[in-house]
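Asker: Structure for the following, please:
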Amino acid sequence: MLTQQQALDLFEYKDGKLFWRVSVNPRAQKGMEAGSPSASGHFKVCYRYKWYWVHRIIFLMFNGVLPALIDHVNNDPSDNRIENLELWSKAQPAGQRIDDKVAYAIEILKQYAPERLA
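Answerer: Numbers count the residues shown, from 1 in each chain. Here you go, the predicted model:
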């Protein structure tokens, strides 16, 4: 599993794209854009014989965690700008933004247990 520090050491982020900071093989040289498009439109990159989704690496670089589900806000899988990536949850109900769940939880607490908001 790729760590945040490894990602920061390997890649440079510029406007939703990753560029190699180091040369790792003849097709991945320092300064070259990292990744290639998949059939789904998402970009993927291979490092040490393992494939990674570029949007997941970018999220990891900025947030230090690699959650189960990351969504593209504008539904364009090739738009990997950090401001277009958001954390989603698979918990019930599925496919909701974490911010929406937190806001909903706060409203429930205000109504039924305001003392827990202190």
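Asker: pLDDT weak spots in this structure?
Answerer: Low-confidence regions of the chain, defined by pLDDT under 70, span residues 90-94.
Asker: Quick check: longest helix in it by residues?
Answerer: Looking across the chain with DSSP state H, the single longest helix is helix 98-112.
Asker: Can you point out the buried residues in it?
Answerer: The neighbour-count check on helix 98-112 (16 or more other C-beta atoms under 10 Å) flags nothing as buried. Quick note: C-beta positions are derived from backbone N, CA and C, even for glycine.
Asker: If you count contacts, what does that helix end up packed against?
Answerer: Judged by 3 or more C-beta pairs under 8 Å, 6 or more residues apart in numbering; DSSP states H and E, the packing partners of helix 98-112 are strand 85-89.
Asker: what angle separates the strand it packs on from helix 98-112?
Answerer: In terms of direction (axes from the mean of the first three to the mean of the last three C-alpha atoms, to 10 degrees), strand 85-89 departs from helix 98-112 by 50 degrees.
Asker: Sheet-wise, list the partners of strand 85-89 with their directions.
Answerer: strand 69-72 (antiparallel), strand 96-97 (antiparallel) (DSSP bridges).
Asker: Same list (those strands) but as TSV, adding mean neighbour count and distance to K44.
Answerer: Listed next are the strands paired with strand 85-89 as TSV, based on neighbours: other C-beta atoms under 10 Å; distance: least, C-beta to C-beta, whole Å:
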stretch	mean neighbour count	distance to K44
strand 69-72	16	14
strand 96-97	14	24
